[in-house]
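S.K.: Quick one: sequence and predicted model below, then my questions.
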Amino acid sequence: MVNRNLRESTGEQGFSLIETLAALVIMSIVSMAVIAMFTQSLSLNATGRDYQTISASARDELEALMALPFTHTNLDAGSYSDSPGDGVVRSWDIMDIAINTATAGSETLLRQALRQPAATGSNVNMKRITLTVSTDSILGLGERTVTIESYKRED
């Protein structure tokens, strides 16, 4: 009898089964939320890495093309592609553009001229280089593509 009174007076009766199950349910819900955030974080990190890889590849190729002399055969008008490895595919289009003094004097005409190929026999003095790099995601999240464009002026 003394033990029963001692236990009641200190308030140490322990947890009931219902309290334990409720705590377990709450902890499970919180754990699932943390796991979902962790999974999303991995996916976003992989996407960022994919875009960083193909952006660097695009910049490298564009810098190499821009470093060539204006009349180099690798800058002839046309469409080209290569695959440097690791599932990366690069393709680029080079378009000859002829800018004359009338075109250069008008912003509207200049914008139009930069989008149209030079007519046959015209004096080509600029090239538009459009470079697209793509790769499949490592996690199977789809294709990643980066497109950059630059203009090279005759030296």
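M.R.: Sure thing, it's come through.
S.K.: going forward, measure contacts between C-alpha atoms and count neighbours the same way
M.R.: OK.
S.K.: Name the nearest residue to the most centrally placed residue in the chain, sequence neighbours excluded.
M.R.: Compute the mean C-alpha point of the chain, and by Cα atoms, centre = their mean the closest residue is Tyr51, 3.1 Å away. Excluding the flanking residues, the one nearest Tyr51 by Cα to Cα, 6 or more residues apart in numbering is Arg144, at 6.7 Å.
S.K.: and that neighbour, what are its bridge partners?
M.R.: Beta-bridge pairing of Arg144 under DSSP bridges involves Thr135.
S.K.: Please list all residues in contact with it.
M.R.: Asp50, Tyr51, Ser134, Thr135, Asp136, Ser137 (Cα atoms under 8 Å, 6 or more residues apart in numbering).
S.K.: Show me what the mean pLDDT comes to for the longest helix anywhere in the chain.
M.R.: The longest helix of the chain (DSSP state H) is helix 17-67. Helix 17-67 carries an average pLDDT of 90.
S.K.: Determine the set of other helices and strands touching that helix.
M.R.: The contact analysis (3 or more Cα pairs under 8 Å, 6 or more residues apart in numbering; DSSP states H and E) places helix 17-67 against strand 126-136, strand 143-153.
S.K.: Quick one: work out the angle between the last one and strand 126-136.
M.R.: Which is strand 143-153. Interaxial angle of strand 143-153 relative to strand 126-136 (axes from the mean of the first three to the mean of the last three Cα atoms, to 10 degrees): 170 degrees.
S.K.: on that earlier part again, pick the most deeply packed of the helices and strands packed on helix 17-67.
M.R.: Scoring those by mean neighbour count under mean count of other Cα atoms under 10 Å gives strand 126-136 as the most buried, with a mean of 21.
S.K.: tell me what that one is packed against?
M.R.: Counting contacts by 3+ Cα pairs under 8 Å, 6+ apart, strand 126-136 packs against helix 17-67, strand 88-97, strand 143-153.
S.K.: rewinding a little: what's the distance between the residue nearest to Tyr51 and Val133?
M.R.: Distance, Arg144 to Val133, using Cα to Cα, to the nearest Å: 8 Å.
S.K.: before we move on, the earlier item: for the helices and strands packed on strand 126-136, which one ends up most surrounded?
M.R.: strand 88-97 (a mean of 21).
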